[in-house]
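In: Need coordinates for the below:
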Amino acid sequence: MTSGNSFSYLEELRSSGFNDVIASRELMLLGSGPVRIEIGRPWEFVDDGHGWYCPFRIVGLNVPEYMYGAGEDAVQALWLALANIGTILYTSTEWQAGRLRQFEDSDDGNLGFPAIAPIAVLVPNATPAAI
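Out: Sure, this is the predicted structure:
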């Protein structure tokens, strides 16, 4: 990836077909279809050499398809991508309506992604994640 700002990184992800998926998960959206989450490998920002970003996409919900977490190193970028995914999912109207589930027969509301402290109170059996 060789672009200059965060918006051009997202444009490059769109045009490249989101290569280097390192992890994925499929959730169930009752009354609709699957929701697929894909996490890409962390990349170092090339414009100034400071910081990393970890791209991810969520397909099947009404959210921007390509997003990322950014941090000081690859581990923090990955962690923040996971936290961003959790925030998006747990605040979605689909989850709030009880339609988004980790497994078709599960109804505990936990999707298996971190919930940062402000939203952890919404998620049953969640331990607030430190950032």
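In: only C-alpha atoms for contact and neighbour calcs from this point on.
Out: Fine.
In: Go ahead and flag the most central residue of this structure.
Out: With distances taken as Cα atoms, centre = their mean, Ile85 lies nearest the centre of the chain, 2.7 Å away.
In: C-terminal to the top helix by length along the chain, what's the next element?
Out: Under DSSP state H, the helix in the chain containing the largest number of residues is helix 74-90. Per DSSP states H and E, the first helix or strand lying C-terminal to helix 74-90 is helix 93-96.
In: heading toward the C-terminus, what's the first helix or strand past that next one?
Out: Following helix 93-96 in sequence, per DSSP H and E, is strand 100-101.
In: Identify all contacting residues around stretch 82-98.
Out: By Cα atoms under 8 Å, 6 or more residues apart in numbering, the residues outside stretch 82-98 that reach it are 29, 68-69, 100-101, 107, 109, 111, 113-116, 119, 122-123.
In: chain center to it, what's the gap?
Out: Computed by Cα atoms, centre = their mean, to the nearest Å, the chain-centroid distance of stretch 82-98 equals 10 Å.
In: Same check on stretch 21-40?
Out: That offset, for stretch 21-40, works out to 10 Å (Cα atoms, centre = their mean).
In: Buried residues in that stretch, which are they?
Out: Buried residues in stretch 21-40, counted by 16 or more other Cα atoms under 10 Å: 26-29, 34-35, 37-40.
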